[in-house]
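Asker: Dropping the sequence and predicted coords here.
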Amino acid sequence: MSYVTVDDIHQSYDGRPILERVSLTVEKGAFVSIVGASGCGKSTFLRLLLAQERPTRGDIRIDGAPPAQEPGRERGVVFQKYSVFLHMTVCENLIAGESFGESRWGRFFGAKKRAARERALQTLERIGLAHMADAYPAALSGGMQQRLAIAQALTARPRVLLLDEPFGALDPGTRIAMHDFLLEMRQETGMTVFMVTHDLQEGFKLGDRVLVFDKPRWDPHEPEAYGATITYDLDARRDNVPTPAAPDASLEGTHP
Amino acid sequence: MLLLPFVAVLAIYAIASDIRLSENPRDKLLPAPTTILETAQRLVSEPDRRSGEILFWKDTAISLQRLAIGVGLAAALGLSFGLAIGLFPHIRATLAGFVAVLSMIPPLTLLPILFIAFGLGEISKIALIAIGVTPFLIRDMSQRVLEIPAEQIVKAQTLGASSLIIAIRVAIPQILPRLIQAVRLSLGPAWLFLIAAEAIASDAGVGYRIFLVRRFLAMDVILTYVVWITALAFIMDYTLKRLSEGLFPWAGKDGL
Ligand SMILES: Nc1ncnc2c1ncn2[C@@H]1O[C@H](COP(=O)(O)OP(=O)(O)OP(=O)(O)O)[C@@H](O)[C@H]1O
Ligand SMILES: [Mg+2]
């Protein structure tokens, strides 16, 4: 049963094709990893899924609904940077996940506020940030900030969760801990997840599917003439990780 | 060490004054420091013979009132137009160029027009201050709004925030510290416009007093007012700085 349907989308900027002929169906609850060379259009694809941009051609539907016009509550997102609100405390950040969409002024008052804080504190307890509830995100480590960002996105109960290199700025140890955290969250919510990563191993470890974006056609005289598409769609549950030659198997051989 | 330059300037003044007075005891240009202190004491404590009011405090109150209303108005305009220009591309396309040209008009050239339009009363003085600093504040605020990372706006949208909620819960809180900073920078010009307007047409205010007693070469009075104005400007700047640090602990110190 297809939950997310991407139907032949094309995206170009100023006449320069970035993505072309991208089609995809994803079932509910799947975890899709997206890898590809730098600049090939992975973030662009994620922005299209998010409805932050409209494709030049084709459309994207979630659960059969008409294509969204702008980002909304059904699509949650975690970016690599600026993923939480720096002017709100940790607790307020979590509450914003509810209050931004459920109240007229983006703020709860009275009993509702107390109840929301209670729920937020329980969540913080579970994700190990209870002791930082009233601190500002600037006081958190990178890993803690991303944990908060994921929890915040999930508080709004989206249908799909979109992650753009969420762990790209973290050290390897923290990254492993974040993998466990994400898998746990996902198991609990049954969320459909798209995650862009530069780390092939990470993509295979977390994903049910790994999509590889690349340019299928290549004109040496005009490298910009064609866009990228999905060149491989690998079943990460069956295929194994291509054994990396170096300890870190990133596609371009550089760290993000 | 901080006080050293101040002490040096005072010492140089005292010596210069002493030299001039020893040549001509009736010299009015550089009154002795003791004379200034006596004058200051008289100014702050002795009521005017005609009105029974202490003019020094009356001048201070009326000038501060003009300054506060003028700058307050400018801050409100700067914040609202800055937000509108920064957040909404349509408004930006319409207004940004207009504001850029407006900000090129030397405000003092408008003073005669203001006097003709609003008469010689309070309105024209307040209007000059407001007109003088508003374009700068609008431009600075819209720039700050544009600097808010797109990720933060998208994030808010994915949590369900409307434009209104994005404005009041994300954009305004993030630029308020910048507004205070910009107001601090515009206090200098604001004082300039205040004193210019008071010097030309007024019957009270620190600028009026200085230009009035200039006719009698009352250097002791002028110097007392100059020191007092400097102190007021310093206190305002310091208060705004502390206010910003207290209200927005997440913003960090700006080092100014
Ligand atoms: N708004 C835009 N306007 C014009 N060009 C854009 C825009 N956004 C992206 N591009 C271009 O599209 C191409 C793909 O960018 P994108 O950010 O999607 O790549 P990416 O695969 O996410 O790269 P990375 O791995 O470095 O994050 C780049 O060449 C980029 O310059
Ligand atoms: Mg990217």
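Answerer: Structure's in. What do you need? Ligands and ions are numbered 1, 2, ... in the order given.
Asker: CA only for contacts and neighbour counts going forward, please
Answerer: OK.
Asker: Is the lowest-mean-pLDDT helix or strand in chain A in proximity to ligand 1?
Answerer: Within chain A, no helix or strand scores below strand A:229-235, which has a mean of 84 by mean pLDDT, DSSP states H and E. No. Judged by CA under 6 Å from any ligand atom, strand A:229-235 stays clear of ligand 1, getting no closer than 11.1 Å.
Asker: Direction included, what does that strand pair up with?
Answerer: According to DSSP bridges, strand A:229-235 has the following sheet partners: strand A:209-214 (antiparallel).
Asker: Outside of the strand it pairs with itself, list whatever touches it.
Answerer: Contacts to strand A:209-214, defined as CA atoms under 8 Å, 6 or more residues apart in numbering or on different chains, come from residues A:30-37, A:40-42, A:203-204, A:228-237.
Asker: buried stuff in stretch B:120-128?
Answerer: Buried residues in stretch B:120-128, counting neighbours by 16 or more other CA atoms under 10 Å in any protein chain shown, are found at B:120, B:124-128.
Asker: got the residues of the stretch 51-200 of chain B near chain A?
Answerer: Within the stretch 51-200 of chain B, the positions adjacent to chain A are B:149, B:151-152, B:154-162, B:164-165, B:168-170, B:173-174 by CA under 8 Å from any CA of the partner chain.
Asker: any chance of the buried residues of stretch B:120-128 in TSV, with secondary structure and distance to residue B:182 too?
Answerer: Below are the buried residues of stretch B:120-128 laid out as TSV (DSSP: H, G, I helix; E, B strand; the rest coil; distance: CA to CA, whole Å):
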residue	secondary structure	distance to residue B:182
B:120	coil	29
B:124	helix	23
B:125	helix	21
B:126	helix	19
B:127	helix	19
B:128	helix	18
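Asker: Among those residues, find the lowest-pLDDT one for me.
Answerer: Note: of these, the lowest pLDDT belongs to residue B:120, at 85.
Asker: Identify the residue spatially nearest to that one, adjacent ones excluded.
Answerer: Excluding the flanking residues, the one nearest residue B:120 by CA to CA, 6 or more residues apart in numbering or on different chains is residue B:201, at 6.3 Å.
Asker: Could you check how many residues crowd around the one you found?
Answerer: Neighbourhood size, residue B:201 [other CA atoms under 10 Å in any protein chain shown]: 16.
Asker: for residue B:12, same thing?
Answerer: Counted with other CA under 10 Å, residue B:12 comes out at 11.
Asker: Now do it against residue A:50, distance only.
Answerer: Here residue B:12 is placed at a distance of 69 Å from residue A:50 (CA to CA, to the nearest Å).
Asker: One more: residue A:140?
Answerer: Distance of residue A:140 to residue A:50, given as CA to CA: 27 Å.
Asker: Give me the more crowded residue out of the two.
Answerer: More neighbours surround residue A:50 than the other of residue A:140 and residue A:50, with 25 against 15 (other CA under 10 Å).
Asker: which residues in chain A form helices?
Answerer: Taking DSSP state H, the helices of chain A run over residues A:42-50, A:90-102, A:110-126, A:142-155, A:172-189, A:200-206.
Asker: Output the ones you listed as TSV; include the columns mean pLDDT and distance to residue B:77.
Answerer: Listed next are the helices of chain A as TSV, based on pLDDT from 0 to 100; distance: least, CA to CA, whole Å:
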stretch	mean pLDDT	distance to residue B:77
helix A:42-50	94	35
helix A:90-102	94	26
helix A:110-126	92	32
helix A:142-155	91	34
helix A:172-189	87	45
helix A:200-206	91	50
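Asker: highest average neighbour count across those helices?
Answerer: Mean neighbour count, computed with mean count of other CA atoms under 10 Å in any protein chain shown, is highest for helix A:90-102 among the helices of chain A, reaching a mean of 25.
Asker: what's the angle from that one to helix A:110-126?
Answerer: Going by axes from the mean of the first three to the mean of the last three CA atoms, to 10 degrees, helix A:90-102 is angled at 130 degrees with respect to helix A:110-126.
Asker: quick check, helix A:90-102 touching chain B?
Answerer: Yes. Using CA under 8 Å from any CA, we find that helix A:90-102 touches chain B at A:96-98, A:100-102.
Asker: Out of these, the closest to residue B:23 would be?
Answerer: Lowest distance from residue B:23 to the residues of helix A:90-102 next to chain B (CA to CA) belongs to residue A:96, with 74.7 Å.
Asker: Report the contact partners of that closest one.
Answerer: Counted by CA under 8 Å, 6+ apart, residue A:96 has contacts A:106-107, A:152, B:159.
Asker: any idea of the pLDDT on whichever residue of the stretch 151-256 of chain A sits closest to chain B?
Answerer: Distance from chain B to each residue of the stretch 151-256 of chain A (CA to the nearest CA) is smallest for residue A:156, at 5.7 Å. pLDDT recorded at residue A:156 is 89.
Asker: And the residue of the stretch 101-250 of chain A closest to chain B?
Answerer: Counting by CA to the nearest CA, the stretch 101-250 of chain A gets nearest chain B through residue A:101, at 4.0 Å.
Asker: Can you tell me the closest non-neighbouring residue to that residue?
Answerer: Closest residue to residue A:101 apart from its sequence neighbours, by CA to CA, 6+ apart: residue B:160 at 4.0 Å.
Asker: any idea how far the one you found lies from ligand 1?
Answerer: According to CA to the nearest ligand atom, to the nearest Å, residue B:160 stands 23 Å off from ligand 1.
Asker: what about that residue, helix or strand, and which?
Answerer: Residue B:160 belongs to no helix or strand when elements are defined using DSSP states H and E.
Asker: Just the pLDDT for it.
Answerer: Residue B:160 carries a pLDDT score of 93 in this model.
Asker: Would you check that it makes contact with residue A:76?
Answerer: No. In this structure residue B:160 lies outside contact range of residue A:76 using CA atoms under 8 Å: 9.7 Å.
Asker: need the contact list for residue 148.
Answerer: I'll assume chain A. A:84, A:90, A:94, A:127.
Asker: Can you look at chain B instead?
Answerer: Taking CA under 8 Å, 6+ apart, we find residue B:148 in contact with B:171, B:174.
Asker: Now the residue of the stretch 101-250 of chain A found nearest ligand 1. Its backbone dihedrals?
Answerer: Residue nearest to ligand 1 within the stretch 101-250 of chain A: residue A:198 (6.9 Å; CA to the nearest ligand atom). Dihedral angles of residue A:198 (phi, psi; degrees, to the nearest 10) stand at phi -100, psi -10.
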